[in-house]
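Student: structure for the following, please:
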Amino acid sequence: MKNLILTTAALALTAGFAMADTVRLGTEGAYPPFNFLNDAGEIDGFERELGDELCARAELTCEWVTNDWDSIIPNLVSGNYDVIIAGMSITPERDEVIDFTQNYTQPDPSAYMVLTGNEGLDVTGAVIAAQTNTIQAGFVAEMGAPLVEFATPDETISAVRTGEADAVLADKSYLAPIAEENADLTLLERDELIGGGVGMGLRESDGELREKFDAAIQSMKDDGSLNTLIEKWEVGETF
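Tutor: Predicted coordinates:
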């Protein structure tokens, strides 16, 4: 689970969102299919399409910015953007620092990926790579297995290839396409169910904005359009 500096929550009191302003959506841009930069250098993926639709339904003018994962919550709290929409699982620890909308995906299984030929790996005693400040890193730490953390998801994959780690633990929807496209990488049959689904993160002082996005998410659940996006981008089970 994400290690958070709880004292940063106080900054939220001075970083409130003004409803007349443009809403800035912060994402990582490095975690397909949730969010990534396409060949044109533009933010793309499931959350780009979802965020644009939610802003339209909420009648909000929105713009997108990218931010490194390891500072994505502190920079929300300090006012660099107004919303996190970055494949962030809802957890009690994060909810102590920021607020969340309702989930827009179901809890996504986490999977282990290893070098092909190492399918018999016992993960309980293996060296596991995970991205820093993720629910997967917290899970490995709680499991008691040796953990190596990296700033980006690409670095976790490289660690397996170089032998620095025996396996990487990450969202299955992220790892599955990589395993399919690379013969040297294979998913283990063991999955882990961690977290309570993915939601939009906001400052605790921005209740009005959260309510607008909550209503927009609910409307997409009600008319089935959210399920259509989930199926299109293959980001887990539908509602």
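
Student: I'd like the distance between the most centrally placed residue in the chain and Asp191.
Tutor: By C-alpha atoms, centre = their mean, the mean C-alpha position of the chain lies nearest to Gly87, the distance being 2.1 Å. Relative to Asp191, Gly87 is positioned 17 Å away (C-beta to C-beta, to the nearest Å). From N, CA and C alone the C-beta is placed, and that goes for glycine too.

Student: same check on Lys221?
Tutor: Lys221 is 25 Å from Asp191, by C-beta to C-beta.

Student: which elements pack onto the helix or strand Ala159 falls within?
Tutor: Element membership for Ala159 (DSSP states H and E) is helix 153-162. Secondary-structure packing of helix 153-162 (3 or more C-beta pairs under 8 Å, 6 or more residues apart in numbering; DSSP states H and E): strand 30-31, strand 109-115, strand 128-131, strand 147-150, strand 167-171, strand 185-193.

Student: strands of the chain, start to end?
Tutor: Secondary structure of the chain, counting by DSSP state E: strands at 23-27, 30-31, 35-37, 43-44, 62-66, 83-84, 99-100, 109-115, 128-131, 147-150, 167-171, 185-193, 201-202.

Student: of those strands, which is nearest Glu237?
Tutor: Nearest to Glu237, of all those, is strand 109-115, at 9.2 Å by C-beta to C-beta.

Student: quick one: contacts of that closest one?
Tutor: 121, 123, 128, 135-136, 139, 157, 160-161, 166-172, 175-176, 178-179, 184-188, 190-194, 236 (C-beta atoms under 8 Å, 6 or more residues apart in numbering).

Student: try 6 Å this time
Tutor: Contact with strand 109-115 is made by 121, 123, 136, 167-169, 171-172, 175, 179, 185-188, 191-194, as judged by C-beta atoms under 6 Å, 6 or more residues apart in numbering.

Student: grab the longest helix from this protein for me.
Tutor: In the chain, taking DSSP state H as the definition, the longest helix is helix 207-223.

Student: now do Glu180 against Ile230, distance only.
Tutor: Glu180 is 19 Å from Ile230, by C-beta to C-beta.

Student: who has more neighbours out of these two?
Tutor: Higher neighbour count among Glu180 and Ile230: Ile230, with 20 against 10, using other C-beta atoms under 10 Å.

Student: show me what contacts the more buried one?
Tutor: Thr238.

Student: chain center to the helix or strand bottoming out on mean pLDDT in the chain: distance?
Tutor: For the chain, counting by mean pLDDT, DSSP states H and E, helix 92-95 ranks last in confidence among helices and strands (a mean of 93). The chain centroid and the centroid of helix 92-95 are separated by 14 Å under C-alpha atoms, centre = their mean, to the nearest Å.

Student: could you export stretch 66-77 as CSV, CA atoms only?
Tutor: Taking C-alpha atoms only, stretch 66-77 is exported to CSV below (Å, rounded to 0.1, in the frame of the first residue of the first chain):
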residue,chain,number,x,y,z
THR,A,66,1.2,14.3,-16.5
ASN,A,67,3.0,13.7,-13.2
ASP,A,68,5.4,11.0,-12.0
TRP,A,69,3.6,8.4,-9.9
ASP,A,70,5.7,8.7,-6.8
SER,A,71,4.7,12.4,-6.3
ILE,A,72,1.2,12.2,-7.7
ILE,A,73,-0.7,12.6,-4.4
PRO,A,74,1.5,15.3,-2.9
ASN,A,75,1.2,17.4,-6.1
LEU,A,76,-2.6,17.0,-6.1
VAL,A,77,-2.7,18.2,-2.5
